[in-house]
Every structure is written in C-alpha cells, then in structure tokens.
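A.B. asks: here's a sequence, model it:
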Amino acid sequence: MCSAHANTSNSGLFHTGLSSYEFYIYDINPELILAYSTIKNDVTGLINALCNLEQHYLSLPEEERKAMFYEVRTKFNNSINGINFHIYSDLWIERTAEIIFLNHTCFNGLFRVNLKGEFNVPFGKYKNPTICDSENLQSVSQLLQKTSIQIGDFESCQSVINNNTFVYFDPPYRPISQTASFNSYSRQAFGDVEQLRLASFYRKMDKLGTKLLLSNSDPKNENQADHFFEDAYQDIRIERVKANRMINSDANARGSMGQPGFFFQTELTGGQHPPVGRSDPILFFGKGQFRTCFSTPSNPINGA
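C.D. replies: Numbers count the residues shown, from 1 in each chain. This next block holds a predicted model:
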C-alpha cells in the first residue's frame, strides 16, 4: 500500500530512467509481499513453475480446467498455515505460482480473501489465459532488485519519508455502491474508518513537505451527494480521471467511469523529473488488483 524511493547512482539497472533510485514497498497483504519477494529472489524458478501450470491447464477441456482451478484453490487455502511469511523459502515459489495462476483464471481477475485469509473468488471462463508472462516477470524482477519489500500498512512507510520523497497511496477502493464492496484484499477490513485514518496520515505527511499522490474510486459515479472524499481531503486538489471499470458481473455495465479519482497534493519539480500529471502515469507492477504504494524522493533518504 505504501513505498519509498531514494536517489543513488546511475547504475543503468532500470529501463524506465529510474536507475538512480531505490524503492520501498509496503503492503498489509502478506500474499502480495510474498509474491513480490519471490519475483525478486527467484524469478527463474517462478517462471518454470508457472509454465508447468499453464501447459497443463491449457491442455484440458473446460470442465477439467474448472476442476483444476478449484483443486489449486483448495491446496492454496489449506497450506496457508504452513507458510512462514517472514522467512523466504522454496515454498514461496510454489505459492506465488498458485497466486498468479488463480488470479489469471478466476472470475474477473479479482484478488479477494475471507476473514480466514482464504482466497474465495470463483472460477472464470477464459479460453486462452496467459498464466506465465515470462518477459513481464523478468522485467519486474529487475526493477525489484533495488526495492525493499515489507509487510505493513500505509503508516509503516513513515520511517522512510521526508520532504524529498514522492509517495503514492493505492488503498482498497471505497465501494461506489452497496453491491460493489470488493475491498477484501486482506483479512483486515478497509472501510470508511480506515479511509479517514489514511486521510489523516496523508495530511501529516503533507506537513513534512512530502510529494503525495493517492488514488481511489469516485462515489459520485453513483451518488452526486456523496462528498466523502471532498470532506476527507479538504483543500487537497482532486483530479477525476476516466478509467475502464472491468470488475462487474454484467459485461454490459463495464465501461468508462470517473474511477479511480486521483488526488494530487504537490508536484515533482526540478532536475530531470517532470511534474506528476495525467500525462505522466505512475508505474504499476503486476495487475491492477494488487494494492501498492510507490514513493520516490529526488535525493537519498537519510539512513536509507
């Protein structure tokens, strides 16, 4: 949900012009942190595991694919108590492969868990899903080599934030209707109380002179009288950006909406870094359902 970035040397590591930075990623979802860490530490082993899953899955007829999906989902859920989410092991490769497999073959590409931390999204009917995108995984692994990956909610990133830091917050989005409550990305709920706690932290970081960006859904898509974010982020500039709404059980209801809304506090200026704006997108790793936050200071963070 939150991360930080420090300027070091021009090592030429990144293709995106970010070679002089270090990154910090914080997320409260241990499965996501496990997946990022595996991609960083053993992308080759992960690609091999995913290729095996993909080849077997695509060789099956639809009914057998469905059976395989639920077999992998059951195995994934039953093994959760045997995983140490704090000490890397070879078990992480298998589990990350299962996460990616389930995410690419489930209904609408959702990542949703129940209060026990069990993945509970049903099977999705896709003819030829790409389960192993080796080129993308290798690129992400390269970027993650200079990234510190930590379990923790958005407040955990405070220790690496100063007035030279750019922070991007991507929390579980606030539901825009009573039937759109897809915000169970971890066992911990993220309702209006947590949204307001995030707004308070956002203002606290603003007082440090930190460059800030936050994205969320726009409740005014459904209710023009819903001023939740205007009230929570008073005096903060709000930009509404049209985006495709892909998570909907009715395919006809998917389309361009004012979702997410992007909240801008300050812009990056100086050096070779252009101001943050709609024409300068933030780099996302993985798929859109993974909640992360990236932060980038233009100078090294003290002690980083």
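
A.B. asks: quick check: residue 219 touching residue 174?
C.D. replies: Yes - counting by C-beta atoms under 8 Å, residue 174 is a contact partner of residue 219 at 6.5 Å. All C-beta atoms are positioned from the backbone trio N, CA, C, and that covers glycine.

A.B. asks: can I see the domain layout of the protein?
C.D. replies: 5-28+152-264, 34-134 (automatic domain parsing).

A.B. asks: need those in a markdown table (columns: distance to residue 144, mean neighbour count and mean pLDDT).
C.D. replies: Below are the domains of the chain laid out as a markdown table (distance: least, C-beta to C-beta, whole Å; neighbours: other C-beta atoms under 10 Å; pLDDT from 0 to 100):
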| stretch | distance to residue 144 | mean neighbour count | mean pLDDT |
| --- | --- | --- | --- |
| domain 5-28+152-264 | 8 | 17 | 70 |
| domain 34-134 | 4 | 16 | 94 |
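
A.B. asks: on that earlier part again, okay, and the common contacts of residue 219 and residue 174?
C.D. replies: 228-229 (C-beta atoms under 8 Å, 6 or more residues apart in numbering).

A.B. asks: quickly list what the spatially closest residue to residue 70 that is not a sequence neighbour is bridged to.
C.D. replies: In space, and not counting its chain neighbours, residue 70 is closest to residue 123: 6.7 Å by C-beta to C-beta, 6 or more residues apart in numbering. Bridge pairing for residue 123 (DSSP bridges) gives the partners residue 106.

A.B. asks: what separates residue 123 from residue 153, distance-wise?
C.D. replies: Counting by C-beta to C-beta, to the nearest Å, the gap from residue 123 to residue 153 is 31 Å.

A.B. asks: export the domains of the chain to JSON lines and tack on distance to residue 141?
C.D. replies: As requested, the domains of the chain are arranged in JSON lines below (distance: least, C-beta to C-beta, whole Å):
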{"stretch": "domain 5-28+152-264", "distance to residue 141": "11"}
{"stretch": "domain 34-134", "distance to residue 141": "4"}
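
A.B. asks: closest one to residue 142 among those domains?
C.D. replies: domain 5-28+152-264 (6.7 Å; C-beta to C-beta).

A.B. asks: what about the strands in this protein?
C.D. replies: Applying DSSP state E to the chain gives strands spanning 5-7, 21-27, 147-151, 166-169, 211-216, 237-240, 243-245, 255-257, 261-264.

A.B. asks: hang on, the residue nearest to residue 70 packs against residue 108?
C.D. replies: No - shown here, residue 123 and residue 108 do not form a contact pair, counting by C-beta under 8 Å, at 11.1 Å.

A.B. asks: for residue 226, give me its contacts.
C.D. replies: Contacts here follow C-beta under 8 Å, 6+ apart; on that basis residue 226 touches 219-220.
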